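Engineer: compute the structure for the input listed below.
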Amino acid sequence: MTARQDTAAPLAPPGSGPEREQDIDAVVVGVDRVADDTVAVTVRAAGGGLLPAWTAGAHTDVVLGPGLVRQYSLCGAPDDLRTWRFAVLRAPGSRGGSRRVHELAAGDRVRLRGPRNHFRLRPAPRYLFVAGGIGITPILPMLAAAERAGVPWTLHYGGRSRATMAFAEQLAAAHGARVVLRPQDEEGLLDLPTILGGAAPGTLLYCCGPEGLLSAVAAHTGRWPTGTVHTERFTPRTGTDDGADSAFEVECRASGVTVTVAPGRSVLDAVEAVGGVVVASSCREGVCGTCETSVLDGVPEHRDSVLDDGERAAGEVMMICVSRAASARLVLDL
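Structural biologist: So this is what the prediction gives:
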């Protein structure tokens, strides 16, 4: 999902700390149409009071019904702890998530889980943001954070048409030439060779959008220095499950449980089946990062779409919903 190799602290509004994940009963206080087929939902804590602090790039799980959990980027203001905001595109062929969000109205109750951040904005001398379609949502608070820090930035934002590009006109009006809009029906696709080829040394790139955009960005940034390209995905990256499966043993150190993970079965499924091990999970596709688990011993075989190359090489954590073992045994902090 993201590159997280920088060790410096992320940019954050005054008074905010690291995210502390919680379960939250929330009430919808507003649903606004921000583009064709896109609504922005504003929620507050059902019992009043403050919501958990978050930083730019964070997302929340939204529990929309039994077995219906979706992850959406927070796109409001991190220093507003009274409300959270997320925007959702009604997806063609929706399995129920985006359709249910578009049915929400003021007064409806929803269950939230989070916040969680695998797309943190790291300190840099300058930023280049590239967004495609609804991928603009995690970028919005990043722009505000960069602005607040006085760091130069540019946003290139593409979409099918102006009418489908959420927040586009507001961004252009507020930031002028630093926001470059590229409606595909008027101007074609984003000119990535020019955009990425002209980046100054020291630039950090943050990109979110459909897989086609992310693949193209990866192709044009292969020689960028390690840790300078940060992306977030909506769907699993291709080729993550190409490895051969074989059985291995997992010791859950904290629970005192040891299980054998059979070929074709995930670590998550195996530990849930024996009971006695509580694991938070959501997407079960290696995208959301909810099931990130510390590896105490052994070598994981990473098949997720969250960790960067440095984190994979370190082998200190793994996403147990999809990743497996490259060793005969793993010891996990479960």
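Engineer: pLDDT averaged over stretch 72-85 - what is it?
Structural biologist: Across stretch 72-85, the average pLDDT comes to 97.
Engineer: before we move on, what about stretch 148-162?
Structural biologist: Across stretch 148-162, the average pLDDT comes to 97.
Engineer: start to end distance for stretch 198-214?
Structural biologist: 18 Å (C-alpha to C-alpha, to the nearest Å).
Engineer: typo on my end, stretch 285-296
Structural biologist: In stretch 285-296, first residue to last residue: 23 Å (C-alpha to C-alpha).
Engineer: what are the buried residues along it?
Structural biologist: Buried positions in stretch 285-296, judged by neighbour count with 16 or more other C-beta atoms under 10 Å: Gly286, Val287, Cys288, Gly289, Thr290, Cys291, Glu292, Thr293, Val295. C-beta: built from backbone N, CA, C; applies to glycine.
Engineer: got it, and stretch 235-254?
Structural biologist: For stretch 235-254, the neighbour count (16+ other C-beta under 10 Å) marks Pro236, Arg237, Thr240, Phe248, Glu249, Val250, Glu251, Cys252 as buried.
Engineer: give me phi/psi at the residue nearest to the second one when sequence neighbours are not counted?
Structural biologist: Using C-beta to C-beta, 6 or more residues apart in numbering and skipping residues adjacent in sequence, the residue nearest Arg237 is Ser305, 4.4 Å away. For Ser305, the backbone dihedrals (degrees, to the nearest 10) come out as phi -120, psi 30.
Engineer: before we move on, the earlier item: any chance of JSON lines for the buried residues of stretch 235-254, columns secondary structure, distance to Val317 and pLDDT?
Structural biologist: Conversion of the buried residues of stretch 235-254 to JSON lines gives the following (DSSP: H, G, I helix; E, B strand; the rest coil; distance: C-beta to C-beta, whole Å; pLDDT from 0 to 100):
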{"residue": "Pro236", "secondary structure": "coil", "distance to Val317": "18", "pLDDT": "77"}
{"residue": "Arg237", "secondary structure": "coil", "distance to Val317": "18", "pLDDT": "73"}
{"residue": "Thr240", "secondary structure": "coil", "distance to Val317": "16", "pLDDT": "60"}
{"residue": "Phe248", "secondary structure": "strand", "distance to Val317": "17", "pLDDT": "96"}
{"residue": "Glu249", "secondary structure": "strand", "distance to Val317": "19", "pLDDT": "96"}
{"residue": "Val250", "secondary structure": "strand", "distance to Val317": "14", "pLDDT": "96"}
{"residue": "Glu251", "secondary structure": "strand", "distance to Val317": "16", "pLDDT": "95"}
{"residue": "Cys252", "secondary structure": "strand", "distance to Val317": "15", "pLDDT": "94"}
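Engineer: now distance to Tyr127 too, for those residues, in JSON lines please.
Structural biologist: Formatted as JSON lines, those follow (distance: C-beta to C-beta, whole Å):
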{"residue": "Pro236", "distance to Tyr127": "27"}
{"residue": "Arg237", "distance to Tyr127": "23"}
{"residue": "Thr240", "distance to Tyr127": "28"}
{"residue": "Phe248", "distance to Tyr127": "41"}
{"residue": "Glu249", "distance to Tyr127": "44"}
{"residue": "Val250", "distance to Tyr127": "40"}
{"residue": "Glu251", "distance to Tyr127": "42"}
{"residue": "Cys252", "distance to Tyr127": "41"}
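Engineer: helix or strand: which one has Arg99?
Structural biologist: According to DSSP states H and E, Arg99 maps onto helix 97-102.
Engineer: what do you get for Ala91?
Structural biologist: Using DSSP H and E, Ala91 falls within no helix or strand.
Engineer: my read: it touches Ser98, true?
Structural biologist: Yes - look at Ala91 against Ser98 with C-beta atoms under 8 Å: they come within range, at 4.6 Å.
Engineer: for the nearest residue to Thr221 once chain neighbours are set aside, grab the count of nearby residues.
Structural biologist: Spatial nearest neighbour of Thr221, excluding adjacent residues (C-beta to C-beta, 6+ apart): Val229 at 4.8 Å. Neighbour count for Val229, taken as other C-beta atoms under 10 Å: 23.
Engineer: Val229 reaches Gly222, doesn't it?
Structural biologist: No - between Val229 and Gly222 there is no contact under C-beta under 8 Å: 9.2 Å.
Engineer: mind listing what the residue nearest to the spatial centre of the chain touches?
Structural biologist: For the chain, the residue nearest the mean C-alpha position is Glu232 (5.3 Å; C-alpha atoms, centre = their mean). By C-beta atoms under 8 Å, 6 or more residues apart in numbering, the contact list for Glu232 reads Met1, Thr2, Gly57, Ser73, His118, Phe119, Gly135, Pro138, Cys207, Cys208.
Engineer: could I get the pLDDT score of the first one?
Structural biologist: In other words, Met1. Reported pLDDT for Met1: 37.
Engineer: so how far is Glu232 from Glu211?
Structural biologist: Note on Glu211: its distance to Glu232, by C-beta to C-beta, to the nearest Å, is 12 Å.
Engineer: can you give me the offset of stretch 114-122 from its chain's centre?
Structural biologist: Distance of stretch 114-122 from its chain centroid, counting by C-alpha atoms, centre = their mean, to the nearest Å, is 7 Å.
Engineer: in the stretch 201-334 of the chain, where is pLDDT below threshold?
Structural biologist: Scanning the stretch 201-334 of the chain for pLDDT under 70 picks out the ranges 238-243.
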